[in-house]
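Peer 1: predicted model follows, preceded by the sequence.
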Amino acid sequence: MSASRLLLTCWAALNTLSVCTMALAQVGATRPLAMAILLVAVGKAWLITDGFMELRRAPRLWRRLMLSWALVLAAIVGMTLVLSR
């Protein structure tokens, strides 16, 4: 797959996930929906890391650090949501 086609595919996927986030936010404000939005955000972070930043061929340490940052942040926000209710 050429680089421009890969970027267009990533862009389309990010747009789709953004629309999914907006649709989930419009449904309501429940804990499962908040967790679903966080999972979509982690998916978007993965797409940005591997697609746009092209870290899929980078050293494993850098890729793991970038991907784990999104997971850690989602876990912290999720724990805050769980503990605040």
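Peer 2: Thanks, I have it. All of these numbers come straight from a predicted model, not from anything done at the bench.

Peer 1: host element of Ala29?
Peer 2: Assigned by DSSP states H and E, Ala29 belongs to no helix or strand.

Peer 1: that one and Ser84: what is the separation?
Peer 2: 12 Å (C-beta to C-beta, to the nearest Å). Using the backbone N, CA and C atoms, a C-beta is placed for each residue, glycine as well.

Peer 1: in the protein, which spans are strands?
Peer 2: Taking DSSP state E as the criterion, the chain contains no strands.

Peer 1: low-confidence ranges, the protein, go.
Peer 2: 1 (pLDDT under 70).

Peer 1: again, only using 80
Peer 2: 1, 28-29, 85 (pLDDT under 80).

Peer 1: just the helices in it please.
Peer 2: With DSSP state H as the criterion, the chain has helices at 3-27, 31-47, 60-84.

Peer 1: excluding chain neighbours, what is closest to Ala45?
Peer 2: Ala70 (3.4 Å; C-beta to C-beta, 6 or more residues apart in numbering).

Peer 1: what's around Thr49, how many residues?
Peer 2: 20 (other C-beta atoms under 10 Å).

Peer 1: and what of the one 5 residues further on?
Peer 2: Residue neighbour count, defined by other C-beta under 10 Å, stands at 13 for Glu54.

Peer 1: again, but for Leu7
Peer 2: Counted with other C-beta under 10 Å, residues neighbouring Leu7 total 14.

Peer 1: so who does the nearest residue to Ala41 once chain neighbours are set aside touch?
Peer 2: Of all residues not flanking Ala41 in the chain, Ala74 sits nearest, at 6.3 Å (C-beta to C-beta, 6+ apart). Taking C-beta atoms under 8 Å, 6 or more residues apart in numbering as the contact definition, Ala74 lies against Leu38, Leu39, Ala41, Val42.
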